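J.: whatever this is, show me its structure:
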Amino acid sequence: MNREKLKSRLGFILLSAGCAIGIGNVWKFPYMAGQGGGGAFVLFYLIFLALLGLPILCMEFAVGRASQKSPVRAYQALEKPGHKWHIHGYITLMGCYLLMMFYTTVAGWMLNYFVLTAKGAFTGLEPDAVAGIFGNMLSSPTTMVFWMVVVTCIGILVCIQGLQNGLERITKIMMIALLVIMVILAINSFTMPGAKEGLSFYLLPDFKRMSEIGVMNTLVGAMNQAFFTLSLGVGAMAIFGSYIGKEHSLLGESVRVVLLDTFVAITAGLIIFPACFTYGVDQTQGPSLIFITLPNIFANMFMGRLWGSLFFLFMSFAAMSTVLAVFENIISCGMEMTGFSRKKTGLINLVLIILLSLPCALGYSLLSWDGFAIFGGAVLDLEDFLVSNILLPLGSLVYLLFCVTRYGWGWKHFKEEANTGKGLKVQDWMRFYLTCILPLIVLFIFGFGIYDKFFH
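T.: Residues are numbered from 1 along each chain as shown. As a prediction, the model looks like this:
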């Protein structure tokens, strides 16, 4: 059976970037930058992105392109006879399901907030009432399940239309719209009275503020954010590698994806900080920033309903681009393992993902339990912990070792695949760093994540 291909290079770059651009870019990056000394954090983030994210992204693409298979079967095509690397293929699929078990719910929040803002539900409300809307949404099982099902249905419907007609076409429209909306929102933020303070807080390095929360904390935060922003380690990127031709080298393509991902993260800060400083809001609040603080700002702003609707539309696109990319991975793996058609695999997964997502959607009402407190309080936090702190770092380590050691696919084969085509090439001098130093950094990120959660 001939493998489906993407129609264009732009489609590949936007799809991969869409997978990488998620909700974390938009709320997590700005508040971590705010806590970590503004420009100092941004500077270290960019350094770590080049040192950590970029090489592993290139490796995932290489495994996908060389094997021409989905992540479940990719290792089997490349490993030496008798080796067991392919076990990780099944773990990547489990990781994708686990990621979707909570991501569908969060994407549902974004869509719900887009509809609420567009309808004018926040206009003229007091701050307490705005906070109340978020609380009511979480505690209403019907609202939570309804929006989760809507997200899952949209995602599966797009994916069963086929790779070019469904996924590539819709993602292109969504990503270009996302980038345009972001630029419009950022320009609007620059006109606010607090724009100057907000932007200097965000973009000028302040090593004093950095030393207050601890230089080590800032460095590890920047390292984590650079590492997690690209969704590496669960095969979500390898799948797109298997859909592209050999005209361009993979390091060059990886740089483009990283730049797009970074552009979105940094622009999110340009949108959020001026608003925070104009309205005297604490910008280091994390998730509540998006669902409580910003709606408050939009409620009091000139044309706030329009800006708020655009903001949550952009957030919905950021969430949906990841959902579509991971659904594609799940469906592709399913087709390869069962031999079923795209449509049949999609419909089976529609039911499966809705059922698997129920614990998270009901985790704030019917299934709330105090035992989740250590992870952050809800089913969502437990699932997020398993994906972010265990499956992503350890999965990335497996891809890394598979590509650089002689026990896996090996440096020679990886370099040959990565360097096929025009563009930036992987050089032999990088080998020592990738083989001896990068695995230790990834292990550190994994170890620190566990320590931070349980022993901090």
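J.: then stretch 200-218 to PDB, C-alphas only?
T.: Extracted C-alpha coordinates of stretch 200-218, given in PDB (Å, rounded to 0.1, in the frame of the first residue of the first chain):
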ATOM      1  CA  SER A 200      10.100  46.000  29.200                       C
ATOM      2  CA  PHE A 201       9.100  43.500  32.000                       C
ATOM      3  CA  TYR A 202       8.700  40.800  29.400                       C
ATOM      4  CA  LEU A 203      11.600  41.500  27.100                       C
ATOM      5  CA  LEU A 204      14.400  43.200  29.000                       C
ATOM      6  CA  PRO A 205      16.600  40.800  31.000                       C
ATOM      7  CA  ASP A 206      16.300  41.400  34.700                       C
ATOM      8  CA  PHE A 207      18.900  39.300  36.500                       C
ATOM      9  CA  LYS A 208      17.900  40.700  39.900                       C
ATOM     10  CA  ARG A 209      14.400  39.300  39.500                       C
ATOM     11  CA  MET A 210      15.900  36.100  38.200                       C
ATOM     12  CA  SER A 211      18.100  35.800  41.300                       C
ATOM     13  CA  GLU A 212      15.100  36.300  43.600                       C
ATOM     14  CA  ILE A 213      13.400  33.200  42.400                       C
ATOM     15  CA  GLY A 214      16.700  31.400  42.000                       C
ATOM     16  CA  VAL A 215      19.000  31.300  39.000                       C
ATOM     17  CA  MET A 216      18.800  27.500  39.000                       C
ATOM     18  CA  ASN A 217      15.000  27.600  39.100                       C
ATOM     19  CA  THR A 218      14.900  29.900  36.100                       C
END
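J.: what residues sit buried inside it?
T.: 201-203, 206, 209-210, 218 (16 or more other Cβ atoms under 10 Å). (C-beta placed from N, C-alpha, C; glycine too.)
J.: pLDDT of that stretch, averaged?
T.: Stretch 200-218 shows a mean pLDDT of 85.
J.: dump the buried residues of stretch 200-218 to JSON lines, plus secondary structure and distance to Pro141.
T.: Shown next, in JSON lines, are the buried residues of stretch 200-218 (DSSP: H, G, I helix; E, B strand; the rest coil; distance: Cβ to Cβ, whole Å):
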{"residue": "Phe201", "secondary structure": "helix", "distance to Pro141": "40"}
{"residue": "Tyr202", "secondary structure": "helix", "distance to Pro141": "38"}
{"residue": "Leu203", "secondary structure": "helix", "distance to Pro141": "43"}
{"residue": "Asp206", "secondary structure": "coil", "distance to Pro141": "44"}
{"residue": "Arg209", "secondary structure": "helix", "distance to Pro141": "42"}
{"residue": "Met210", "secondary structure": "helix", "distance to Pro141": "43"}
{"residue": "Thr218", "secondary structure": "helix", "distance to Pro141": "40"}
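J.: list the contacts of the nearest residue to Ser140 once chain neighbours are set aside.
T.: Leaving aside its sequence neighbours, Ser140 sits nearest to Ser365 (Cβ to Cβ, 6 or more residues apart in numbering; 6.9 Å). Listed by Cβ atoms under 8 Å, 6 or more residues apart in numbering, the contact set of Ser365 reads 138-141, 144.
J.: just the pLDDT for Ser365.
T.: The model's pLDDT for Ser365 equals 94.
J.: could you do Pro393 as well?
T.: At Pro393, the model reports a pLDDT of 94.
J.: and for it, the neighbour number?
T.: Using other Cβ atoms under 10 Å, Pro393 has 24 other residues around it.
J.: the helix or strand harbouring it packs against which elements?
T.: Assigning secondary structure by DSSP states H and E places Pro393 in helix 392-404. Packed against helix 392-404, as judged by 3 or more Cβ pairs under 8 Å, 6 or more residues apart in numbering; DSSP states H and E, are the following elements: helix 54-67, helix 87-119, helix 215-228, helix 411-418, helix 438-454.
J.: hey, C-alpha coordinates of it in PDB?
T.: The C-alpha coordinates for helix 392-404 follow below in PDB (Å, rounded to 0.1, in the frame of the first residue of the first chain):
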ATOM      1  CA  LEU A 392       7.900  12.900  27.000                       C
ATOM      2  CA  PRO A 393      11.400  12.900  28.600                       C
ATOM      3  CA  LEU A 394      11.900   9.200  28.600                       C
ATOM      4  CA  GLY A 395      10.400   8.800  25.000                       C
ATOM      5  CA  SER A 396      12.800  11.500  23.800                       C
ATOM      6  CA  LEU A 397      15.700   9.700  25.400                       C
ATOM      7  CA  VAL A 398      14.700   6.500  23.500                       C
ATOM      8  CA  TYR A 399      14.600   8.300  20.200                       C
ATOM      9  CA  LEU A 400      17.900  10.000  21.000                       C
ATOM     10  CA  LEU A 401      19.700   6.800  21.900                       C
ATOM     11  CA  PHE A 402      18.200   4.900  19.000                       C
ATOM     12  CA  CYS A 403      19.700   7.500  16.600                       C
ATOM     13  CA  VAL A 404      23.100   7.900  18.100                       C
END
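J.: between that helix and helix 438-454, how big is the angle?
T.: Helix 392-404 runs at 170 degrees relative to helix 438-454, counting by axes from the mean of the first three to the mean of the last three Cα atoms, to 10 degrees.
J.: report the angle between helix 392-404 and helix 87-119.
T.: Going by the same axes, to 10 degrees, helix 392-404 makes 130 degrees with helix 87-119.
J.: ok, residues contacting helix 392-404?
T.: Contacts of helix 392-404 (Cβ under 8 Å, 6+ apart): 55-56, 59-60, 62-63, 75, 78-79, 85, 88, 91-92, 95, 227-228, 231-235, 238, 407-411, 414, 431, 434-435, 438-439, 442-443, 445-446, 449.
J.: show me where pLDDT drops low in this protein?
T.: By pLDDT under 70, the weakly predicted segments of the chain are 1, 284, 286-287.
J.: kindly list the longest helix within it.
T.: helix 304-338 (DSSP state H).
J.: and stretch 244-253, end to end?
T.: Start and end residues of stretch 244-253 are separated by 11 Å (Cα to Cα, to the nearest Å).
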